[in-house]
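In: give me coordinates for this.
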Amino acid sequence: MKAKLITIAAVLALAGILVLIGWVDGRRSVHFSVELQPTQLVANGKDSVLVVVRVTDPDGTPRSGDILNLIRQSGHGQLREKKIKTNAQGEASFTYYSYRDTAFTPAMLNQIQIMDTSIGKIVGVYKRHVIDIPVVKSEEDNEPSVGEQTNGVQLGGG
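Out: Numbering: from 1, shown residues only. Predicted structure coming up:
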């Protein structure tokens with residue numbers, strides 16, 4: 001009986017420590033600022049946008065060496081990097097590539113989620129931020145006009 005009580009007390013103490021670590025870890029925060037160069041993406045299949053992410057502590061101190069995971073949440077663009085690392089100024093960047101505006105892949109707001117995996121390593125709490133990348137239709141006409149189509153087959157070698 002005494003051994004059971006000691007085991008239960010040890011398990012409860014361990015659970016309490018884990019809850020305390022999780023609470024402390026969850027209160028840690030980082031701030032993200034994002035710059036898009038240019039500020040929007042043209043859906044022409046050729047364009048790209050440079051996304052510069054700056055990560056700081058709440059007091060504004062740059063976070064050097066943080067690993068940021070990238071996940072495309074919505075949209076049709078190409079995200080070639082999966083992870084980026086902040087430099088001494090707390091900055092990291094990646095390029096997001098365009099797609100063609102069609103009926104199946106319309107120009108729409110694309111969203112990339114970044115997760116700072118350098119925060120909350122103990123219990124797996126990640127700090128997240130969503131980057132909005134506006135996509136506009138191309139000035140070029142990507143779809144053939146009705147006069148150029150016959151039964152769904154495009155004529156004229158185009």
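In: residue contacts, the nearest residue to residue 55 once chain neighbours are set aside?
Out: The shortest distance from residue 55 to any non-neighbouring residue, by CB to CB, 6 or more residues apart in numbering, is to residue 63 (4.5 Å). Backbone N, C-alpha and C define where each C-beta goes, glycine included. When contacts are counted by CB atoms under 8 Å, 6 or more residues apart in numbering, residue 63 touches 30, 55, 56, 57, 86, 90, 116, 118.
In: quick one, which of the residues you listed are buried?
Out: Buried members of those, scored by 16 or more other CB atoms under 10 Å, are 30, 55, 56, 86, 90, 116, 118.
In: quick one: which two of these are the most distant?
Out: Distance extremes for the buried ones among the contacts of residue 63: the farthest pair is 56 and 118 at 12.9 Å, using CB to CB.
In: residue 9: what secondary structure?
Out: Using DSSP: H, G, I helix; E, B strand; the rest coil, the structure places residue 9 in helix.
In: show me where this protein has its helices.
Out: Remark: helices assigned in the chain by DSSP state H are 2-27.
In: any weak-confidence spans in it?
Out: Along the chain, the model assigns pLDDT under 70 to residues 21-28, 120-126, 140-158.
In: count the residues that sit near the residue lying closest to residue 38 once chain neighbours are set aside.
Out: Residue nearest to residue 38 in three dimensions, not counting chain neighbours: residue 49, with 6.2 Å by CB to CB, 6+ apart. Close neighbours of residue 49, defined as other CB atoms under 10 Å, add up to 21.
In: right, I'll leave it there.
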